[in-house]
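K.L.:
show me the folded form of this:
(one chain, ligands or ions: 1)
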Amino acid sequence: MSEHVKTELCNGVLVLTLQRPDKKNAITGAMYDALSDALDRAETDVAVKVVLLQGDGDSFTAGNDLADFAAQSKSNSDEESPAFRFVKTIGNASKPLVAAVQGNAVGIGTTMLLHCDLVYLAEGARLVTPFVNLALVPEAASSWLLPARIGHVRAYQMFALGEPMDAVTAVACGLANAVVPAGEVRQKAMAAAVTLTKRPAGSLNATKNLMRDIERIQAQISAEGDLFKERLKTPEAREAFAAFAERRPPNFANLPA
Ligand code: COA
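P.N.:
Numbers count the residues shown, from 1 in each chain. This next block holds a predicted model:
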């Protein structure tokens, strides 16, 4: 349970809404757990035919809460992080996932879209994966899925230069289905989700299964997860998190890798 994730079942569509708009829907551990619990429920609850992901306010999500990253960078806990649980869970999701995205979709906000089956972007939406700016590595199998989808150099531009991709380019690259006016993006995504609820569930399930290499996805998530955990504790990453909190540019010069 998280007060910042609303879960509603409407006509077979499980709608998951990020509700932390004052923090641009940055995702905390409790929010990841709420999302994972909802996706787990979707797997077993026959009433859930489709899952729809959306966010309140002017941003889909600013990605992982950076204060949580800063805390993890100082922790010695060996427990699986809620973020890691979430990426494994979404990587295994067998029912259709639909996303309605407005504003910034940062980090996991973009990488979760690689696990969605239909993605609608509002005009002005921006996909950003600034993992290297944060001295981290990509997650959610994006280090494999993103170059596979858009090619190495465009993926590298997003990962290593941290350059945002605009909505029109994202559609042209195959990362999303359509760009729609901001006021219509939720309706568009919901209409598509409702259409899917009327398709034969067994056929949808088999089709998605054929289209995704789950074993490869989980292997990539695991390899990324090991590196991510290591990177979180580096002086470079600590500097990146401190810089964000202090609203200044990071200075990586003279830091050990
Ligand atoms: N974690 C925690 N808090 C975050 C956050 C994050 N990822 N992103 C934004 N916030 C908070 C800000 O600290 C600020 O809080 P405050 O009002 O208490 O100071 C509030 O949300 C608004 O953010 P702000 O930066 O003022 O909004 P903006 O419109 O100028 O910029 C972003 C929006 C998303 C471009 C910018 O906030 C950003 O770059 N965030 C970090 C994104 C990131 O690196 N995520 C991790 C990816 S792995």
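K.L.:
so how far is the ligand from the residue nearest to residue 105 when sequence neighbours are not counted?
P.N.:
Spatial nearest neighbour of residue 105, chain neighbours left out: residue 60 (4.3 Å); criterion: Cβ to Cβ, 6 or more residues apart in numbering. C-beta coordinates here come from the backbone N, C-alpha and C atoms, glycine included. Distance of residue 60 to the ligand, given as Cβ to the nearest ligand atom, to the nearest Å: 10 Å.
K.L.:
what sits against residue 60?
P.N.:
The neighbourhood of residue 60, defined by Cβ atoms under 8 Å, 6 or more residues apart in numbering, consists of 18, 25, 54, 99, 101-105, 109, 125.
K.L.:
which pLDDT value goes with it?
P.N.:
Turning to residue 60, the model gives it a pLDDT of 98.
K.L.:
use 753 as the first number for this chain going forward.
P.N.:
Sure, I'll start numbering at 753, so the last one becomes residue 812.
K.L.:
so which of the contacts of residue 812 are in strands?
P.N.:
Using DSSP state E, the members of the contacts of residue 812 that fall in strands are 770, 806, 851, 853, 856-857.
K.L.:
now whichever residue of the stretch 853-1002 of the chain sits closest to the ligand. Nearest residue, chain neighbours left out?
P.N.:
The ligand sits closest to residue 859 of the stretch 853-1002 of the chain, with a gap of 2.7 Å, by Cβ to the nearest ligand atom. Among residues not flanking residue 859 along the chain, residue 815 sits closest, at 2.9 Å (Cβ to Cβ, 6+ apart).
K.L.:
same thing with residue 840?
P.N.:
Distance criterion Cβ to Cβ, 6+ apart; nearest residue to residue 840, sequence neighbours excluded, is residue 973 at 5.8 Å.
K.L.:
could you check how far the one you found is from residue 929?
P.N.:
Residue 973 is 24 Å from residue 929, where distance means Cβ to Cβ, to the nearest Å.
K.L.:
next one: residue 754
P.N.:
Separation of residue 754 from residue 929 (Cβ to Cβ): 28 Å.
K.L.:
tell me which of the contacts of residue 812 is nearest to residue 902?
P.N.:
Checking those against residue 902 with Cβ to Cβ, the nearest one is residue 857 at 14.8 Å.
K.L.:
would you confirm that that closest one contacts residue 878?
P.N.:
Yes. The criterion here is Cβ atoms under 8 Å, and residue 857 meets it with residue 878 at 7.0 Å.
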